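Enquirer: Build me a structure from this.
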Amino acid sequence: MRSAAIIVALFLSACAADRYRWNLAHQHLMPNASKLPRADIEEITRLVSQASLQPILGIAYQPIGRRRGEVTVVTSYPSGETPDDNGSYYLRKDRGHWHITWGGTGLSYSVIGLALSED
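Expert: So this is what the prediction gives:
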């Protein structure tokens, strides 16, 4: 039984690593997010790749306003037809590291643009 658990853990970590690499190569960075340091983009991508099976669609960063310092990451399966096909994750940096403060599926396709707005 213990061997099976180890094999499953290795398989899942390999899948997350593949998702991470794919997300880094294909995600869209909104203008403010593209100004974040590469190390921050990589950490944000790693966290969301571990939290969601959905590919990352885009990353937005709020440099001003009430959501100052917050990053929004939108995930979506290519079909994106139902709210469960789309997700969003909110992250904040604390003590030098990014942390997911909220996230999950259930994002309506019609509000993806709003979720990625940097206004």
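Enquirer: what about Ala60, which helix or strand?
Expert: Under the criterion of DSSP states H and E, Ala60 resides in strand 56-62.
Enquirer: Just give the strands next to that strand in its sheet, each with its orientation.
Expert: Paired neighbours of strand 56-62 in the sheet (DSSP bridges): strand 28-29 (parallel), strand 70-76 (antiparallel).
Enquirer: so after the longest one, what's the next helix or strand?
Expert: Right, strand 70-76. That would be, after strand 70-76 and using DSSP H and E, strand 86-94.
Enquirer: Give me the packing partners of that next one, helices and strands only.
Expert: Helices and strands touching strand 86-94, by 3 or more C-beta pairs under 8 Å, 6 or more residues apart in numbering; DSSP states H and E, are helix 38-51, strand 70-76, strand 97-105. All C-beta atoms are positioned from the backbone trio N, CA, C, and that covers glycine.
Enquirer: who touches the longest one?
Expert: Same thing as helix 38-51. Residues outside helix 38-51 that contact it (C-beta atoms under 8 Å, 6 or more residues apart in numbering): 16, 19-20, 23-24, 27, 29, 33, 36, 56, 59, 71, 73, 75, 89, 91, 93, 97-100, 103.
Enquirer: please redo it, this time with the cut-off set to 10 Å
Expert: Identification of contacts with helix 38-51 by C-beta atoms under 10 Å, 6 or more residues apart in numbering yields 12-13, 15-24, 27, 29, 33-34, 36-37, 54-56, 59, 61, 71, 73-75, 87-89, 91, 93, 96-100, 103-104.
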